[in-house]
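**Q** Need coordinates for the below:
(one chain, ligands or ions: 2)
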Amino acid sequence: SMLDICVLPGDGIGPEVTDEAVRVLDWFVAKRGVQLRMTRHLFGAASWAAQGTTMPEATWDAIMRADALLFGAVGSLDQTHIPPEERRKGALLRMRKALDVFANVRPVRAWAPLAESSPFKARTVAGADLVFVRELTAGVYFGTPRGIETQADGTRRGVNTHTYTEAEIARAARFAFELARTRRNHVTSVDKANVMEAGRLWRDVVTEVHRADFADVTLEHMLADNCALQLGRTPTRFDVIVTDNLFGDLLSDCAGAINGSLGMLPSAALSAPGPDGRRRALYEPIHGSAPDIAGKGIANPLGAILSAALLLRWTAGRPEEADRLENAVEAALAAGARTADIALPGEAVLGTRAMADAVLAALDAT
Ligand code: NAI
Ligand code: MG
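**A** Ligands and ions are numbered 1, 2, ... in the order given. All right, here's what the predicted structure looks like:
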């Protein structure tokens, strides 16, 4: 059946890379019979400039109705001219919470054509192929009380609360174990059980879920600081890493170094299956709006394009087409296609559109 995809290009390089992801998905609609209807909607700083609101009603309705969202990036250099309540309305956190997309899937892999190019070797780790499941809708980014208070002596105190319920931990763990079964059957659960109460509960609940339903998957526990070290040292030891919102944010950026560029990392944020068996989903490259290179046509579109591959896998239910797209990205890289962020001195550099053309050419060749 036809899937309704709400496209939110957003700010900065968001529209540039999202246009290319849409063009690639159009190829799958035209050539592989994938049934998607993609509709663009305004929001964020771009929408504030055009319509005086960061989240037009029509956009919010479309977000809530859609089978999935394809998202670019939010954030302009200077948002101080936008009133705080409008900034909150357009915030990504609000969207994630409303959709209850608790499982943030962030695959990280060393693309062989980059890892094998010898000067590039220093920047990638050959063979690394791991995926983060970052809990996305709870933890310290959402816990209350929160705020900046003035104390009796007139000095200020900043407060955030790190909280996790058993249910929040269990559903993230369950998701990670199920994902591991489709991969190399190994889960590393990351916490700070040594110093944090929510971390102690995290470890207990992951262990219980494992024992009850996933004894066929191997489970190891790792402290978050050690995980940062191991990601730098031997990333090939990891398969699925499940962790909380804060550690997942930091560690998945660390892992970005493994693949060479922030511009090549995709993500999916998924809810539990609804009554129709379908998960709500938000797909986006992990990079931001990159104001330093916006408008120049030089951004790497592969993070957005690989997010489209995740959409084919998780929303369209077409894993063979997702593989086809990931293989086409690898083939384009193998043929020497490089945007500025992954080019070595002396290598020819492609712009955003030309890189997507290289992927489309590789798709045509399949
Ligand atoms: P950023 O990810 O936008 O940029 C970091 C660096 O990586 C920059 O030098 C940029 O040029 C480069 N870069 C990022 N994506 C690239 C791509 N596709 N191709 C080539 N180079 C790329 O992070 P930054 O600078 O910290 O934040 C800029 C704005 O983006 C801020 O307003 C921030 O709040 C927002 N942001 C939004 C996110 C989102 O929409 N999910 C995530 C992270 C930041
Ligand atoms: Mg981040």
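**Q** what about the helices in the stretch 151-300 of the chain?
**A** Ranges of helices within the stretch 151-300 of the chain are 166-181, 197-213, 224-233, 245-259, based on DSSP state H, counting those that start in this stretch.
**Q** which other helices and strands contact the third one?
**A** Identification of packing neighbours for helix 224-233 by 3 or more CB pairs under 8 Å, 6 or more residues apart in numbering; DSSP states H and E yields strand 186-191, strand 240-243, helix 245-259. C-beta: built from backbone N, CA, C; applies to glycine.
**Q** for it, the distance to its chain's centre please.
**A** Centre-to-centre, helix 224-233 and its host chain are 20 Å apart (CA atoms, centre = their mean, to the nearest Å).
**Q** Now tell me what touches it from outside.
**A** 188, 190-192, 222, 237-238, 241, 243, 247, 250-251, 254-255, 257-258 (CB atoms under 8 Å, 6 or more residues apart in numbering).
**Q** Stretch 194-214 too?
**A** The contact list for stretch 194-214 (CB under 8 Å, 6+ apart) reads 139, 162-164, 166, 169-170, 173-174, 177, 180-181, 187, 189, 191-193, 217, 219, 221, 223, 242, 244.
**Q** Narrow these to those that are buried.
**A** By neighbour count, with 16 or more other CB atoms under 10 Å, the contacts of stretch 194-214 hold 139, 162, 164, 169, 173-174, 177, 180, 187, 189, 191-193, 217, 219, 223, 242, 244 as buried.
**Q** For whatever residue of the stretch 201-350 of the chain ends up closest to ligand 1, report the pLDDT, please.
**A** Nearest to ligand 1, among the residues of the stretch 201-350 of the chain, is Gly288, at 2.4 Å (CB to the nearest ligand atom). Gly288 carries a pLDDT score of 91 in this model.
**Q** Please tell me how far it sits from Asp67.
**A** Separation of Gly288 from Asp67 (CB to CB, to the nearest Å) stands at 25 Å.
**Q** just checking, what's the longest helix in the protein?
**A** Looking across the chain with DSSP state H, the single longest helix is helix 14-32.
**Q** any idea of the mean pLDDT in it?
**A** Helix 14-32 comes out at a mean pLDDT of 98.
**Q** other SSEs contacting it?
**A** For helix 14-32, the packing partners by 3+ CB pairs under 8 Å, 6+ apart come out as strand 3-10, strand 36-40, strand 68-73, helix 302-314, helix 319-334, helix 352-364.
**Q** need these in CSV with distance to Ala98, mean pLDDT and mean neighbour count, can you?
**A** Output for the helices and strands packed on helix 14-32, formatted as CSV (distance: least, CB to CB, whole Å; pLDDT from 0 to 100; neighbours: other CB atoms under 10 Å):
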stretch, distance to Ala98, mean pLDDT, mean neighbour count
strand 3-10, 13, 96, 22
strand 36-40, 19, 97, 15
strand 68-73, 11, 96, 26
helix 302-314, 19, 97, 27
helix 319-334, 26, 96, 19
helix 352-364, 31, 98, 19
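**Q** Dump these into JSON lines; add distance to ligand 1 as well.
**A** Shown next, in JSON lines, are those (distance: least, CB to the nearest ligand atom, whole Å):
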{"stretch": "strand 3-10", "distance to ligand 1": "6"}
{"stretch": "strand 36-40", "distance to ligand 1": "16"}
{"stretch": "strand 68-73", "distance to ligand 1": "4"}
{"stretch": "helix 302-314", "distance to ligand 1": "5"}
{"stretch": "helix 319-334", "distance to ligand 1": "14"}
{"stretch": "helix 352-364", "distance to ligand 1": "8"}
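**Q** I'd say Glu321 and Gly33 touch.
**A** No. If you go by CB atoms under 8 Å, Glu321 and Gly33 don't touch, sitting 9.3 Å apart.
**Q** Quick one: residues contacting Asp19.
**A** By CB under 8 Å, 6+ apart, the residues touching Asp19 are Pro9.
**Q** and it, how far is that from Val7?
**A** In terms of CB to CB, Asp19 sits 9 Å off from Val7.
**Q** low-scoring stretches of this structure, by residue?
**A** Scanning the chain for pLDDT under 70 picks out 77-80, 88-90, 116-124.
**Q** Would you map out the domains in it?
**A** 1-103+263-366, 125-259 (automatic domain parsing).
**Q** Centre of the chain to the shortest one, how far?
**A** Yep, that's domain 125-259 we're talking about. Worked out by CA atoms, centre = their mean, domain 125-259 lies 15 Å from the chain centre.
**Q** now do the same end-to-end measure for it.
**A** End-to-end distance for domain 125-259: 7 Å, by CA to CA, to the nearest Å.
**Q** dump the residue contacts of the residue most central in space within the chain.
**A** Nearest residue to the geometric centre of the chain (CA atoms, centre = their mean): Ser267, 2.3 Å. By CB under 8 Å, 6+ apart, Ser267 lies in contact with 104-106, 283-286, 307, 310.
**Q** Sort out for me which of the residues you listed are in strands.
**A** 104-106, 283-285 (DSSP state E).
**Q** and which of these is nearest to Met2?
**A** Comparing the ones in strands among the contacts of Ser267 against Met2 with CB to CB places Tyr283 closest, at 17.7 Å.
**Q** tell me, how many neighbours does that closest one end up with?
**A** When neighbours are counted by other CB atoms under 10 Å, Tyr283 registers 26.
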